[in-house]
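Engineer: model the structure of this input:
(one chain, ligands or ions: 2)
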Amino acid sequence: MKILVTGGCGYIGSHTVVELIDAGHKVCILDNLSNSSSLVLDRIEKITGTKPEFFKGDIKSKDDLNDVFNLANFDCVIHFAGLKAVGESVEKPLEYYENNVCGTINLLQAMREHNCNNIIFSSSATVYGSPKSNPIFEDFPKLKATNPYGETKSVIEDILIDNAKANANFNAVLLRYFNPIGAHKSGLIGEDPKGIPNNLMPYITQVAVGKLERLGVFGNDYNTVDGTGVRDYIHVVDLSLGHLASLKCFDLDNNPQIEKSNCHIYNLGTGKGTSVLELVDAFESANDIEIPYEICPRRAGDIDECFANCDKAFKELGWKTKFNIVDMANDSWNWQINNPQGYQL
Ligand code: NAD
Ligand code: UD1
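Structural biologist: Ligands and ions are numbered 1, 2, ... in the order given. I've put the predicted structure just below:
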């Protein structure tokens, strides 16, 4: 297939591009590099032997979108481009709605104008809010997000669902990611957060590499196995392979196990919850490094526990995860130790 990958220079996008190229697909990346580096392109070439086509452009610009769609007839779009910092979204809601929601509407209009009818969208488990129980199934109700970032994901899902209802020839796959961590085993691509990381694993690796002094554990009085928050961590390569498997939704005739619909929703997780202290412990034993930490107050908006049921993705797409928490800890560390400053040389 010829695939347009928006946000393909970012963390999840770059790993997915590697898997797409390895599977024989032709990839063109559209990215404005607002949260990534063009060095990623050389790294992808080192891993796969192929440098993906790259168009520096912005989904907020209709002209950029028109130009990129004039480059080729794309069979589908995998749409990663978006802003994702929860705290920043609270401070700059308009920028988040404009970038994520208006950008996606521009993209969908450009797809319609250029007769490209298939899209895979990066959604998030955040749309489930604080779920009534775990594991979380796809038919659990969506709850109001606690921040504008989460709300953009929910709104975009609704837009895609409505567009699929209105157009029988439009096909959408909504992938709800749980907590992606880890990196490609080469150590050449990985997560490169700007400034102090908000998320747990990059914080741990930066403590391990000596950039940060100690981890703050946000609360130890949650209703969980050891009082710390429980999440479903998924290796970014497994997550990337979930996108590859989702392409089957655009070929229903040859995949009778997939529900006959033009809009599909799948959880992508491991189905297993891990607490903050369990993840710290796994990192310490996998890499033989001590992670100093202190218990801090809870972080606003955090929930006790969140892990997926992924039976639907297995049954319909034949996808399930291969990597465990130790693999994730090893690969996150391998990336960090080889790139202590991320993509900055
Ligand atoms: P990332 O920031 O590393 O990648 C996003 C990419 O999109 C970046 O390269 C950025 O430069 C680009 N981008 C942003 N706005 C753009 C615009 N207007 N035009 C063109 N390019 C633009 O983030 P990621 O972790 O790889 O996440 C990818 C997607 O998955 C995002 O939509 C994110 O919200 C979603 N998601 C991520 C997580 C996670 O934990 N990382 C969890 C759930 C969902
Ligand atoms: C967060 C976002 C979510 C987003 C996801 C991926 C919030 C409330 N949620 O999810 O919307 O989709 O990132 O970007 O921000 N923790 C610590 N110390 C730290 C960092 C985290 O103890 O320094 C704990 C958290 O309290 C949580 C767990 O580690 O229990 C995971 O946190 P994090 O990696 O930020 O992911 P989520 O909160 O699940």
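
Engineer: please pull out the lowest mean pLDDT helix or strand from this structure.
Structural biologist: The helix or strand of the chain with the lowest confidence, counting by mean pLDDT, DSSP states H and E, is helix 86-91 at a mean of 94.

Engineer: which other residues reach it?
Structural biologist: Helix 86-91 has contacts (C-beta atoms under 8 Å, 6 or more residues apart in numbering) with 83, 96, 147-150, 152, 198, 301. Where you see a C-beta, it was placed from the backbone N, CA and C, and this is true even at glycine.

Engineer: in the stretch 1-150 of the chain, what residue comes closest to ligand 1?
Structural biologist: residue 10 (2.0 Å; C-beta to the nearest ligand atom).

Engineer: pLDDT wise, what is that residue at?
Structural biologist: With respect to pLDDT, residue 10 scores 98.

Engineer: that one against residue 30, yeah?
Structural biologist: No. Using C-beta atoms under 8 Å, residue 10 is not in contact with residue 30; the gap is 11.5 Å.

Engineer: what is in contact with those two at once?
Structural biologist: residue 81.

Engineer: ok, is the least confident helix or strand of the chain in contact with ligand 2 or not?
Structural biologist: Yes. With C-beta under 6 Å from any ligand atom as the criterion, ligand 2 is reached by helix 86-91 at residue 86.

Engineer: where's residue 107, which helix or strand?
Structural biologist: Under the criterion of DSSP states H and E, residue 107 resides in helix 103-113.

Engineer: who wins for neighbours among the contacts of helix 86-91?
Structural biologist: residue 152 (27 neighbours; other C-beta atoms under 10 Å).

Engineer: what's the closest non-adjacent residue to that one?
Structural biologist: Residue nearest to residue 152 in three dimensions, not counting chain neighbours: residue 100, with 3.8 Å by C-beta to C-beta, 6 or more residues apart in numbering.

Engineer: equivalent analysis for residue 65, please.
Structural biologist: With sequence-adjacent residues excluded and distances taken as C-beta to C-beta, 6+ apart, residue 65 is closest to residue 110, at 3.8 Å.

Engineer: and that neighbour, what does it touch?
Structural biologist: 62, 65-66, 68-69.

Engineer: which single one of those is nearest to ligand 2?
Structural biologist: Using C-beta to the nearest ligand atom, these come closest to ligand 2 at residue 65, 25.3 Å.

Engineer: for the single nearest residue of the stretch 151-300 of the chain relative to ligand 2, give me its contacts.
Structural biologist: Across the stretch 151-300 of the chain, no residue is closer to ligand 2 than residue 229, which sits at 2.1 Å (C-beta to the nearest ligand atom). By C-beta under 8 Å, 6+ apart, the contact list for residue 229 reads 218-219, 222, 275-276, 302-305.

Engineer: same question, residue 108
Structural biologist: 119, 159-160, 163.

Engineer: give me the nearest residue to residue 95, chain neighbours excluded.
Structural biologist: Per C-beta to C-beta, 6+ apart, closest to residue 95 is residue 83, 7.0 Å.

Engineer: any idea how far stretch 244-260 is from the chain center?
Structural biologist: Centroid separation for stretch 244-260 versus its chain: 21 Å, with C-alpha atoms, centre = their mean, to the nearest Å.

Engineer: circling back to that earlier point, make a markdown table out of the contacts of helix 86-91 and add secondary structure, distance to ligand 1 and pLDDT.
Structural biologist: As requested, those are exported to a markdown table (DSSP: H, G, I helix; E, B strand; the rest coil; distance: C-beta to the nearest ligand atom, whole Å; pLDDT from 0 to 100):
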| residue | secondary structure | distance to ligand 1 | pLDDT |
| --- | --- | --- | --- |
| 83 | coil | 6 | 98 |
| 96 | helix | 10 | 98 |
| 147 | coil | 12 | 94 |
| 148 | helix | 12 | 96 |
| 149 | helix | 7 | 96 |
| 150 | helix | 10 | 96 |
| 152 | helix | 8 | 98 |
| 198 | coil | 10 | 92 |
| 301 | coil | 15 | 89 |
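
Engineer: among those, which one sits closest to residue 266?
Structural biologist: Nearest to residue 266 among these: residue 150, at 18.4 Å, using C-beta to C-beta.

Engineer: these two touch, right, that closest one and residue 128?
Structural biologist: No. The pair residue 150 / residue 128 is not scored as a contact, 9.8 Å apart, by C-beta under 8 Å.

Engineer: give me the number of residues near the closest residue to the residue of the stretch 1-150 of the chain closest to ligand 1 other than its chain neighbours?
Structural biologist: Take residue 10 and drop its neighbours on the chain: the residue closest to it by C-beta to C-beta, 6+ apart is residue 36, 4.8 Å away. Close neighbours of residue 36, defined as other C-beta under 10 Å, add up to 22.

Engineer: try residue 258
Structural biologist: There are 18 residues near residue 258, going by other C-beta under 10 Å.
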